[in-house]
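>>> coords please:
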Amino acid sequence: PRKLESAYAQALAWYLRAMRGLDGPAPAIGELVFVGDNPSSDGSAFRNLRSAGDWRGWAFIGADRADPPAISESDGIVTANRWAALGDFLSGLLAKGAALDARTAVVLDIDKTVIGARGRNDAVIDAARVAAIEATVADALGETFDRERFREAYATINVARYHPFTADNQDNVAYICLMLGAGVSDLDTLISQVEGSQLRTFRDFMDQVDAEADLLPSPGLQSLHSDIYARVRAADQTPFKAFRRREYRETVARMGCLRDDSPQERMLAEEICMTREVLEAAEWLRRRGCLLTALSDKPDEATMPTPELVARGYVPLHRVATHVVGPSIREALVSLD
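Now for the predicted structure:
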């Protein structure tokens, strides 16, 4: 299940209770703290999980913005435009009577929260994904690949306006760009069909391609289409495996890749860094006995190395060392004890 589905929350609630039991005798989970970056997806995921666990709970949704510091709260969700406000959020929870101890489950979103903090460092995560899509499409099209046409198609399709068509799924966007590059349609025609509701969903587009799959310009493309089409029909949410495997490599290549003495501005522009405020909050919560876990809905192919890459020394994404960047909130947290 995807992050916004109720089944995702039900599974995660089960995992959290099972994890609590691994520590031996311990009080049952009674409250939830969720830290993320996206008001829509993380906010919904938090509410679903709070309901699935039947816990009281609170969420922090952070980002760094250029506007003056601001914090708002609704339905237990605190939204802040500074990651440093995480310390104030935790202080506020104690003031509200939160235990923040062994009865507390803490869930940290990974992408653009634990690493690649939104508003500070998230562009590097996006750059890794775009580079992966471009490289995968280029490999599939060979000499016929047109970089400028690809970038125009990606920039046009990969926007919220077309999420009903793409399902906000990068596998789908990658496939569409590949087929446009292969000449099955052109960008103007595709947009016209989407705007005119001749193509309502990504599956509509795939069905249209499949009807003339024998006209694809190479056996390799025909085989690739058949593989992705079969996975889509089997309800695989990440059917473009070659793209996702490339995304893993492009992401890892941007972690811990700079010298320790590199300027912070360069690190934030070129490397996927860990968010200091989230790390220090996690360490403080762990010392208080909270149950900590971090989650990502990236598929295995984008987070785990293949056996061939393992033989070359690659490790799972969450085992890759990288730099920690951001202002410290440690002293403020220690003062709460």
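>>> isn't residue 181 right up against residue 142?
No: the pair residue 181 / residue 142 is not scored as a contact, 10.3 Å apart, by Cβ atoms under 8 Å. Backbone N, C-alpha and C define where each C-beta goes, glycine included.
>>> so these two - more neighbours on which side?
Of the pair residue 181 and residue 142, residue 181 is the one with more neighbours under other Cβ atoms under 10 Å, namely 20 against 11.
>>> excluding chain neighbours, what is closest to the more buried one?
Spatially, and ignoring its direct neighbours in sequence, residue 181 is nearest to residue 141 (5.1 Å; Cβ to Cβ, 6 or more residues apart in numbering).
>>> do you know how far that neighbour is from residue 184?
12 Å (Cβ to Cβ, to the nearest Å).
>>> roughly how far is stretch 111-130 from the heart of the chain?
In this view, stretch 111-130 has its centroid 9 Å away from the chain centroid, taken as Cα atoms, centre = their mean, to the nearest Å.
>>> unless I'm mixing things up, the residue nearest to residue 181 is touching residue 179, no?
No: using Cβ under 8 Å as the test, residue 141 is too far from residue 179 to be in contact (10.2 Å).
>>> so where's the stretch 51-200 of the chain shaky on pLDDT?
Counting by pLDDT under 70, the stretch 51-200 of the chain contains no low-confidence range.
>>> what about the helices in it?
Remark: helices assigned in the stretch 51-200 of the chain by DSSP state H, counting those that start in this stretch are 86-95, 122-141, 147-157, 163-166, 170-181, 187-195.
>>> buried ones in the third one?
Buried residues in helix 147-157, counting neighbours by 16 or more other Cβ atoms under 10 Å, are found at 150, 153, 154, 156, 157.
>>> who does it touch, helix- and strand-wise?
With contacts defined as 3 or more Cβ pairs under 8 Å, 6 or more residues apart in numbering; DSSP states H and E, helix 147-157 has these neighbours: helix 122-141, helix 170-181, helix 187-195.
>>> give me that answer again for 6 Å
Judged by 3 or more Cβ pairs under 6 Å, 6 or more residues apart in numbering; DSSP states H and E, helix 147-157 is in contact with helix 170-181.
>>> tell me which residue lies nearest the centroid of this structure.
The centre of the chain sits closest to residue 111, judged by Cα atoms, centre = their mean, with a distance of 4.4 Å.
>>> just want the angle from the helix or strand hosting residue 246 to helix 170-181.
According to DSSP states H and E, residue 246 maps onto helix 241-252. On the basis of axes from the mean of the first three to the mean of the last three Cα atoms, to 10 degrees, helix 241-252 is oriented at 110 degrees to helix 170-181.
>>> next secondary structure after helix 241-252?
Scanning forward in sequence from helix 241-252 by DSSP H and E, the next helix or strand is helix 264-270.
>>> can you give me the buried ones in that next one?
Neighbour counts over helix 264-270 (16+ other Cβ under 10 Å) mark 267, 268, 270 as buried.
>>> do you know how far the second one is from residue 50?
Just to be clear, that refers to residue 268. Using Cβ to Cβ, residue 268 is found at 32 Å from residue 50.
>>> so who does the nearest residue to residue 70 once chain neighbours are set aside touch?
Of all residues not flanking residue 70 in the chain, residue 81 sits nearest, at 5.3 Å (Cβ to Cβ, 6+ apart). By Cβ atoms under 6 Å, 6 or more residues apart in numbering, the contact set of residue 81 is 63, 65, 70.
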